[in-house]
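S.K.: output the structure for:
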Amino acid sequence: MPKIGLEIHGYLNTKEKLFCRCKAIHGTKHASPNTNICPICTGQPGAKPMLPNKQAIDKVIRIALVLGCKINTIKKEVDCEETAGVLHWQRKHYDWPDLPKGYQNTISGTHAIPIGKNGKFLKIRIKECHLEEDPAAWNPQTGEIDYNRSGSPLVEIVTEPDFKSSEQVIDWIKQLIHTLSYIKAFDKKSGIKADVNISLPEIKGERVEIKNVNSLKNIQNAIEYEIQRQKKEKQKTRETRMFNETAGVTKKMREKEQAQDYRFISDPDLPVINIKKIKIKKIKSSLPETPQKKLDKIIKKYNINKKSAEILTKKIEVAEFFEKVIEKINPKLATRWVTEELLSVLNYNKKELDDPEINIKPEHFIELLKLLEKGTITELKAKEILRKFIPNSFSPKKEAEKSQKISEKNKLEKICQQIIKENPKAVMDYKAGEHKALNFLIGKVMQKTNKRADYLTTRKILENKLK
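M.R.: You can find the predicted model right below:
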């Protein structure tokens, strides 16, 4: 049975880099190469780091708490009684073109104390969770280096080797990303990278580390290939390998480094990080429910079917929006209008509910559904008003006043008679057995009444007149 462990690196959702004021924006889709850089993140001689990004530190604490980690404490006396942990920045030395300083700043290593340790997430033990800076993006084929990424804040989550298969790994990572999206910690545009450690204890093989695998598909393929490779040729020494995505194979890069190879030392240019107990308590109290807890609550408390509940809890902003709406609206109506109509409008506009430029207030959405419930407006008119909620919602009362539903049979009969007279071909098609012609005529009535005609009444009148 294979033993598989992960070292997951995720970009933190911060505006600035870890030790400078440069924007934490990278990747050719989001920024031109070498545009978000300065002397600090490019390692220019004499450049000194700024104080560590507070937002990045707070987000790593949030991640560690969600993963059930204990925030590290230090036994020695410190000045403040409230202090829980004092963390030292380390310099991790290695000589690669993507690291202009010649070392990486990290809260990990031989003498370091990580922010969080000894956690557990979905039955997988978490060894540690710490903060570090990302190196630049180096293309070994062309020799080009993009420093936009250099200095971006990363969280590293290190698991114990508790995984037994590639399928288990992928499912766990998906659940991890989903859970961390609830605390807005990961930069979802940048994805994750993983170092994958694999060994086959049953044949007493040594451990292999596959570096920097950058997608779920590649992680799965790399694991499956490496397990088969080690079965064929027993791994006698520890080594670092890379995954060739095109060929679907792993290739040896070098013998596996040991901790002493990195020559860890405390960084004299960076102050220690003091984490206070009161801060940990405050952050812990602000954490939202996990997706699984939210899913169970929505299913049980509101009697929502599992499929709809899964859609609602995919993103925390949608789940929280729904919970406000369902306090005032019938659960069946609220579920359908959030999972189908609201999400459809957002998808059409290529927007998310939490986008900064989008402001749809639950009270306006509730007001709209109440008008629909009371029969003041038709469903078609309600959908039209909802589309106008992008980018900013508004009270739909004024729209409703000039768009009240027409339910009076006498009024609708006159309109239906006029539509039948104006569309003889559709009438003939319907009488010839083409029932979709009826929908065409209903659409014409809706067009004539600016979507104010009651649908069921209109349909019944047309069917009677067409007999």
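S.K.: what's the average pLDDT for stretch 47-66?
M.R.: In this model, stretch 47-66 carries a mean pLDDT of 95.
S.K.: with stretch 189-197 instead?
M.R.: For stretch 189-197, the mean pLDDT works out to 87.
S.K.: CA atoms only for it, dumped as CSV, please.
M.R.: Provided in CSV are the C-alpha atoms of stretch 189-197 (Å, rounded to 0.1, in the frame of the first residue of the first chain):
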residue,chain,number,x,y,z
LYS,A,189,-7.4,32.8,-9.7
SER,A,190,-3.9,31.4,-9.0
GLY,A,191,-4.7,27.9,-8.0
ILE,A,192,-2.3,25.7,-6.0
LYS,A,193,0.9,23.8,-6.4
ALA,A,194,1.9,20.6,-4.6
ASP,A,195,5.0,18.7,-3.8
VAL,A,196,4.0,15.0,-3.6
ASN,A,197,5.9,12.5,-1.5
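S.K.: which pLDDT does the model give Leu87?
M.R.: The predicted local distance difference test score for Leu87 is 84.
S.K.: kindly report the same for Lys15.
M.R.: In the predicted model, Lys15 carries a pLDDT score of 93.
S.K.: try Glu413
M.R.: Confidence at Glu413, expressed as pLDDT, is 82.
S.K.: could you find the closest non-adjacent residue to it?
M.R.: Counting by C-beta to C-beta, 6 or more residues apart in numbering, the nearest residue to Glu413 once its immediate chain neighbours are dropped is Ile461, at 5.6 Å. Heads up, the C-betas are built off the backbone N, CA and C, glycines and all.
S.K.: report the next helix or strand after the host helix or strand of Phe322 in sequence order.
M.R.: Applying DSSP states H and E as the criterion places Phe322 in helix 316-325. Along the chain past helix 316-325, the next helix or strand (assigned with DSSP H and E) turns out to be helix 331-336.
S.K.: send the alpha carbons of the next helix or strand along the chain from that next one over as PDB?
M.R.: Next in sequence after helix 331-336, counting helices and strands by DSSP H and E, comes helix 343-348. Backbone C-alpha positions of helix 343-348 (Å, rounded to 0.1, in the frame of the first residue of the first chain) are rendered in PDB as follows:
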ATOM      1  CA  LEU A 343     -27.200  32.300 -10.300                       C
ATOM      2  CA  SER A 344     -28.400  32.400 -14.000                       C
ATOM      3  CA  VAL A 345     -28.300  36.200 -14.100                       C
ATOM      4  CA  LEU A 346     -24.900  36.300 -12.400                       C
ATOM      5  CA  ASN A 347     -23.500  33.700 -14.800                       C
ATOM      6  CA  TYR A 348     -24.900  35.500 -17.900                       C
END
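S.K.: please, which helix or strand holds Glu209?
M.R.: Under the criterion DSSP H and E, the helix or strand holding Glu209 is strand 208-213.
S.K.: contact partners of the helix or strand hosting the residue nearest to Glu413?
M.R.: When elements are defined using DSSP H and E, Ile461 is found to belong to helix 455-466. Taking C-beta atoms under 8 Å, 6 or more residues apart in numbering as the criterion, the residues outside helix 455-466 that touch it are 378-380, 407, 409, 412-413, 416-417, 419-420, 427, 430-431, 438, 441-442, 445-446.
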